[in-house]
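Peer 1: A structural model of the following input is requested.
(one chain, ligands or ions: 1)
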Amino acid sequence: MPTLRKEIAEALERESLDLREISQLFRIREREVLDHLQHIAKSAHPKRLTMEPATCKRCGFSFKKRDRLSAPSRCPICKSESITPPRYQIVD
Ligand SMILES: [Zn+2]
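Peer 2: I've put the predicted structure just below:
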């Protein structure tokens with residue numbers, strides 16, 4: 001059965017996507033996308049799910065140390081809530 005989770009994984013092997021793009025592509029909520037991503041992260045082996053970190057649009061701060069897949073809501077440096085969300089991709 002070609003599950004939705006598998007289809008999301010296949011899309012992420014083709015290109016990097018952020019939460020909103022995946023949400024729109026598969027017509028599911030971002031919360032559901034996150035749930036799928038968490039499972040994909042565990043099951044992608046031998047490939048792996050990578051995350052291009054979120055960045056603050058105002059000061060350029062990069063959320064490199066963030067382990068959580070979700071998008072941060074505000075910058076710890078300048079407190080701006082204008083954040084470029086992380087992008088996910090599956091790589092070999
Ligand atoms: Zn900032």
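
Peer 1: Mind listing what's buried along stretch 33-43?
Peer 2: Val33, Leu34, His36, Leu37, Ile40, Ala41 (16 or more other C-beta atoms under 10 Å). From N, CA and C alone the C-beta is placed, and that goes for glycine too.

Peer 1: where's the fifth one relative to Phe63, distance?
Peer 2: This means Ile40. Per C-beta to C-beta, to the nearest Å, Ile40 is found 20 Å from Phe63.

Peer 1: The first one too?
Peer 2: Using C-beta to C-beta, one gets 18 Å for the distance from Val33 to Phe63.

Peer 1: Next: Lys42.
Peer 2: 21 Å.

Peer 1: Mind exporting the C-alpha coordinates of stretch 83-92 to PDB?
Peer 2: What follows is stretch 83-92, C-alpha atoms only, in PDB (Å, rounded to 0.1, in the frame of the first residue of the first chain):
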ATOM      1  CA  ILE A  83      11.400  33.100  10.900                       C
ATOM      2  CA  THR A  84      12.300  31.300   7.700                       C
ATOM      3  CA  PRO A  85      11.100  27.700   8.500                       C
ATOM      4  CA  PRO A  86      13.500  24.700   8.300                       C
ATOM      5  CA  ARG A  87      13.500  22.700   5.100                       C
ATOM      6  CA  TYR A  88      13.700  19.000   5.100                       C
ATOM      7  CA  GLN A  89      15.200  16.600   2.600                       C
ATOM      8  CA  ILE A  90      16.100  12.900   2.500                       C
ATOM      9  CA  VAL A  91      19.600  12.200   1.400                       C
ATOM     10  CA  ASP A  92      21.700   9.100   0.800                       C
END
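
Peer 1: Run through who's touching it.
Peer 2: 9, 12-13, 15-20, 22, 37, 40, 44, 46-57, 63, 66, 69, 71-75 (C-beta atoms under 8 Å, 6 or more residues apart in numbering).

Peer 1: Would you mind giving me the confidence score for Pro86?
Peer 2: pLDDT for Pro86: 96.
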